[in-house]
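Chemist: I would like to see how this sequence folds:
(3 chains)
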Amino acid sequence: MECELVPSVCSYCGTGCGVLFEVIDKELAGTLPMKTHPVNEGKLCIKGWNLHEHINSPLRLKQPLVRSFGRFLKTGWDEAIAIAARRFREIIDQYGPESVGVLVSAKITNEENYLAMKLARAVLGTNSVDHCARL
Amino acid sequence: MTVKRVRFLQDLLEFTGLAARLHLEWISSAEAQKFAQVITAFTEKIRKLGPSPLAGAAPWAQASVAPPAVDRAAS
Amino acid sequence: MKARVRRWLEEGTVDVFIGYRQVDGHPLPYCFTRENLDALDGLINSPARYALEKIATHLASRQPDLKIGILSLDTNRRALNVLGIWNQINPENITTVDADDAASGVATPDDMRTFEPVVPGPYKQQVGIDNAMSPADAEAFDQSERFSRWMYEFEKCIKCYGCRNICPVCFCRECSLEHRDLIGTGPLPPDVPIFHLVRAVHMAGRCIDCGLCEEACPADISLRLLYRKVNQILDNVFEYQTGSDPGQPPFSLLGNQVTLEPKPLDADK
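Modeler: Numbers count the residues shown, from 1 in each chain, chains lettered A, B, ... in the order given. Below you'll find the predicted structure:
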């Protein structure tokens, strides 16, 4: 019986509360707040309390999906990126660069958000960069 | 068992400001007069206390607004 | 004391010892095992309290014959009594080490911020309940004021279930607060005061007044005071002190120990 208590940071929103994962026999069994973490001081919201279920959920995507004839089909990363790039190209050629936008998220790092902004402005040629919470 | 639960709940409700709204009485089906007596006395007592402070708290208690439909099957 | 725990692990008196260790600058719960006895040098006591007995119940549910040692204060010992009464742990498999024993040799790090009770702000003092109040103080208000002050507290609830999740003596697999036919998980905010009163009623015979629920509440609701009143009712009316005796029956099975008469209708005049 192995029990480890692993400190970590919640990935759900930009706040970044300190959490403690109960890992029993290498399996994520529970989530506790970190009392001495300066951000949350031992308190969590309902999303933070249920991280262990979120991480191991069978509903999580394991492969990219592409919509084909109204259904989602599993595909590989290369194919998915190629399809996205091709469609971006087609839409920008047809309607202009202002017709696409990029949504960033609090669940990815600041550095990744910066890259998304660069992709939008330098590569796609649009300044429509917004946040997923505005959806 | 019941008397313990009700007594406990009466004390707890009194602590949070909802006193005297719960009453327990044992009445057999043969004691119709006692039943009528207790119900009348309790109704009078409640009438004197006035509406529950919880009444009207929900928006649908005030106007003809339907309560939000909760999809129980999904939860 | 570190030597005692080391001996226990080596001899097999305990298979795992749950204490605290400094990890990345934070005192965190740590499971010491005999595979890694050197880690015991880092055994400390922590001013930040965690529900170590909750971790013990999770381990015990997976492996019931596991021998567990716990670094405990008196609140932990009361919790262990209650868990033993409700068959969540086997008291024979639990060994405790008193953390409040000054001669224990386990240090509390000096630079750790101590958890002082928070002084409530002026608005909360004016319309809400001061968490540090005693039940007698809270009964100084009249009925309608009590109601409005408690409703102010309860209406802040964001239904995070933190109070329920962190409680060392909450173990029900089908929790009434999550059951879709009772109080379901979906709608936010919760129905007040039902949500908190249901929890308070379920805490009868279980709450051992550790205060972790109040510390875990992001909305700073006076939960500890509410459950203290619950314990007071149990003591006054039923003479039941939760967690005081590992041999006492669970609260729901008092049987003929307590005989009560229902309150008469005009008792509140």
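Chemist: Now for A:C45: which residues touch it?
Modeler: Going by Cβ atoms under 8 Å, 6 or more residues apart in numbering or on different chains, A:C45 touches A:17, C:158, C:160, C:218. The way it works is simple: take the backbone N, C-alpha and C, and place the C-beta from them, glycine included.
Chemist: so how far is chain B from it?
Modeler: According to Cβ to the nearest Cβ, to the nearest Å, A:C45 stands 18 Å off from chain B.
Chemist: repeat for C:D24
Modeler: 38 Å.
Chemist: Contacts only, for the residue in the stretch 51-200 of chain C that chain A sits nearest to.
Modeler: Nearest residue of the stretch 51-200 of chain C to chain A, counting by Cβ to the nearest Cβ: C:C160, 4.5 Å away. Residues in contact with C:C160, defined by Cβ under 8 Å, 6+ apart, are A:43-46, A:49, C:217-218.
Chemist: Which of those residues sits closest to chain B?
Modeler: Out of those, the member with the shortest distance to chain B (by Cβ to the nearest Cβ) is A:I46, at 13.3 Å.
Chemist: what's the burial count for that closest one?
Modeler: A:I46 has 16 neighbouring residues, counting by other Cβ atoms under 10 Å in any protein chain shown.
Chemist: re the thing from before, could you measure from the residue of the stretch 51-200 of chain C closest to chain A over to A:H37?
Modeler: 16 Å (Cβ to Cβ, to the nearest Å).
Chemist: Same question for A:I83.
Modeler: Separation of A:I83 from A:H37 (Cβ to Cβ): 42 Å.
Chemist: what's the neighbour count on the nearest residue to A:A133 once chain neighbours are set aside?
Modeler: Excluding the flanking residues, the one nearest A:A133 by Cβ to Cβ, 6 or more residues apart in numbering or on different chains is A:A106, at 7.3 Å. The number of residues packed near A:A106 is 16, by other Cβ under 10 Å.
Chemist: my read: A:A106 touches A:H131, true?
Modeler: Yes - here A:A106 reaches A:H131: they are 7.4 Å apart, a contact under Cβ atoms under 8 Å.
Chemist: ok, A:I83 and A:H37, which is more surrounded?
Modeler: Neighbours per residue, other Cβ under 10 Å: of A:I83 and A:H37, the larger number sits with A:H37, 19 against 15.
Chemist: Please name the nearest non-neighbouring residue to the more buried one.
Modeler: Nearest residue to A:H37, sequence neighbours excluded (Cβ to Cβ, 6+ apart): A:G18, at 2.7 Å.
Chemist: ok, back up a step: restricted to helices, list the contacts of C:C160.
Modeler: Counted as lying in helices by DSSP state H, out of those, are A:46, A:49.
Chemist: ok, and the closest non-adjacent residue to the spatially most central residue of chain A?
Modeler: The residue lying closest to the centre of chain A (Cα atoms, centre = their mean) is A:K107, at 5.0 Å. Counting by Cβ to Cβ, 6+ apart, A:K107 lies nearest to A:S11, which is 5.5 Å off, once chain neighbours are set aside.
Chemist: tell me which element residue 35 is part of?
Modeler: I went with chain A, as the question did not name one. For A:K35, there is no enclosing helix or strand under DSSP states H and E.
Chemist: Sorry, I should have been clearer: chain B.
Modeler: helix B:32-49.
Chemist: Ok, A:Q63 next?
Modeler: Assignment of secondary structure by DSSP H and E places A:Q63 within no helix or strand.
Chemist: how about it, what does it touch?
Modeler: A:74-76.
Chemist: Kindly recompute the last result at 10 Å.
Modeler: Listed by Cβ atoms under 10 Å, 6 or more residues apart in numbering or on different chains, the contact partners of A:Q63 are A:73-77, A:80.
Chemist: and the two most separated of these?
Modeler: A:L73 and A:W77 (14.1 Å; Cβ to Cβ).
Chemist: Now do the SS call for C:L28.
Modeler: Secondary structure, DSSP: H, G, I helix; E, B strand; the rest coil: C:L28 is strand.
Chemist: quick one: it and A:L32 touch, right?
Modeler: Yes - between C:L28 and A:L32 there is a contact under Cβ atoms under 10 Å: 9.4 Å.
Chemist: Show me which residues of chain A are close to chain C?
Modeler: Contact residues, chain A versus chain C (Cβ under 10 Å from any Cβ of the partner chain): A:1-7, A:17-18, A:20, A:22-25, A:27, A:29-38, A:40-50.
Chemist: Tell me the buried residues within these.
Modeler: For the residues of chain A next to chain C, a burial check counting by 16 or more other Cβ atoms under 10 Å in any protein chain shown picks out A:3, A:5, A:7, A:17-18, A:20, A:22-24, A:29-37, A:40-46, A:48-50.
Chemist: List the contacts of the residue of chain B found nearest chain C.
Modeler: Nearest residue of chain B to chain C, counting by Cβ to the nearest Cβ: B:G17, 2.8 Å away. Going by Cβ under 10 Å, 6+ apart, B:G17 touches B:53, C:141-151, C:193.
Chemist: ok, now how distant is whichever residue of the stretch 101-250 of chain C sits closest to chain B from C:A138?
Modeler: The stretch 101-250 of chain C approaches chain B most closely through C:F147 (2.8 Å), counting by Cβ to the nearest Cβ. Distance of C:F147 to C:A138, given as Cβ to Cβ: 12 Å.
Chemist: got the residue ranges for the strands in chain A?
Modeler: Taking DSSP state E to define them, one finds strands in chain A at A:3-9, A:18-24, A:27-33, A:65-68, A:71-74, A:102-104, A:129-131.
Chemist: And the stretch 51-200 of chain C, by the same measure?
Modeler: Counting by DSSP state E, counting those that start in this stretch, the segments of the stretch 51-200 of chain C that form strands are C:68-72, C:94-98.
Chemist: Would you map out the domains in chain A?
Modeler: By the record's domain assignment, chain A is partitioned as A:3-55, A:76-134 (automatic domain parsing).
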